[in-house]
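Q: Could you work out the structure for the sequence below:
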Amino acid sequence: MVTSHIKNKKILVVSGGWSSERRVSLKSGKNVFKSLRKQKFNVFFFDLKKNNLHKIIKLKPYLIFNALHGEFGEDGGLSCFANKHKIRITHSNQISSILCMDKKLCKKYLSKFIKICTPKTYSSNNHLQFPLIIKPNYGGSSIGVKVIKDITSFNKINKKLLKNYIIEEKININKELTVTVIEDEEKIESLGVTEIIFNSKIYNYKSKYTKGFSKHIIPANLNSKDYRYLMNISKTIFKILGCKSIARIDFIMRKNNSKNEFFFLEINTHPGLTDISLAPEQAKSRNISYGSLVKKIVNTAYEA
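A: Residues are numbered from 1 along each chain as shown. Below is the predicted model:
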């Protein structure tokens, strides 16, 4: 339950920002704002830009709802800001955010605690096996993800740019899957496993955020053993990485003879909250309304 004193305090939904995911962040933030306002919270909307960060201090919010995606929101920047100014904030703290945002580091860190498959990561000068995938190491929303078919195509890439990219083997996948995990009254709970079907070669930005370009199947078409495995491993990953409030964890599945192999791809500590986002859809499948989901996130805001 959200206590009455939180409901009456000033909540500032911070979205927008300056990352490549600004447009999606604004959609998420506006949805959150409308939902909280409808539920009679003392809520205000704030479009963050590089030249107005100081205005947050003047507004004196009791709590920040972090609706940013990408740089400064997901990398712990806003959490550090809130910490400095003693403002409560939703989502994962700065340490967890930094760890989860760095795809290479996150995979390496997880491998020390649990046995989990991930696509092989290459350095730019070791024995590459084509085709392969390159994607921004710190980015989200599948922006900048490319399939590289051969060495000729690879050599055309600006090598300076590769310093900020992760290079992975391309798995011949049979399913693209995702699990949303939430913190609810001090319990960690997986909401469900969604199977994503799309027409493009990869699950890209257009497929994610354009109606009709992808299809979500929940619950995913998996046997009960595999479904339980993904639900449980997702909670474990959430805990190991020190996440708070909500996160979405992406997997791919490959059939290997009679056995299904699951590969961890990445974790998103600020999953989208738009009309067509996966997290609210999974919540809905568990009879958790959008408004209830947002309230749960507010209720897990921590003292900075």
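Q: Report the buried residues of the helix or strand hosting residue 225.
A: Residue 225 belongs to helix 224-240 when elements are defined using DSSP states H and E. By neighbour count with 16 or more other C-beta atoms under 10 Å, helix 224-240 contains the buried residues 226-227, 229-231, 233-238. Bear in mind the C-beta positions are built from the backbone N, C-alpha and C, glycine included.
Q: again with stretch 292-304
A: For stretch 292-304, burial by neighbour count (16+ other C-beta under 10 Å) applies to 292-302, 304.
Q: do the same with stretch 156-174
A: In stretch 156-174, counting by 16+ other C-beta under 10 Å, buried: 162, 165-171, 173.
Q: for the stretch 151-300 of the chain, what spans make up the strands?
A: For the stretch 151-300 of the chain, strands defined by DSSP state E, counting those that start in this stretch occupy the ranges 165-169, 175-184, 187-198, 214-217, 246-256, 259-268.
Q: So which of those is the most surrounded?
A: strand 175-184 (a mean of 24; mean count of other C-beta atoms under 10 Å).
Q: other SSEs contacting that strand?
A: Counting contacts by 3 or more C-beta pairs under 8 Å, 6 or more residues apart in numbering; DSSP states H and E, strand 175-184 packs against strand 187-198, helix 224-240, strand 246-256, helix 278-285, helix 290-299.
Q: Show me how far that strand is from its chain's centre.
A: Remark: strand 175-184 is offset 10 Å from the chain centroid, using C-alpha atoms, centre = their mean, to the nearest Å.
Q: Taking the buried residues of helix 224-240, tell me the two that lie furthest apart.
A: Distance extremes for those: the farthest pair is 226 and 238 at 18.8 Å, using C-beta to C-beta.
Q: For the chain, which helix or strand comes out least confident on mean pLDDT?
A: The weakest-scoring helix or strand in the chain, judged by mean pLDDT, DSSP states H and E, is helix 205-209 (a mean of 52).
Q: which ones are touching the most centrally placed residue in the chain?
A: Nearest to the geometric centre of the chain sits residue 268, at 1.9 Å (C-alpha atoms, centre = their mean). Contact partners of residue 268, counting by C-beta atoms under 8 Å, 6 or more residues apart in numbering, are 74, 100, 140, 247-250.
Q: can you name the farthest residue from the center of this protein?
A: Distance from the C-alpha centroid of the chain, by C-alpha atoms, centre = their mean, peaks at residue 152 (32.9 Å).
Q: thinking again about what came up before, can I get the helices and strands packed on strand 175-184 in TSV with mean pLDDT and distance to residue 216?
A: Listed next are the helices and strands packed on strand 175-184 as TSV, based on pLDDT from 0 to 100; distance: least, C-beta to C-beta, whole Å:
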stretch	mean pLDDT	distance to residue 216
strand 187-198	94	5
helix 224-240	98	15
strand 246-256	94	12
helix 278-285	96	6
helix 290-299	96	15
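Q: For residue 179, which of the ones you listed is the nearest?
A: So among those, helix 224-240 is nearest, using C-beta to C-beta, at 4.0 Å.
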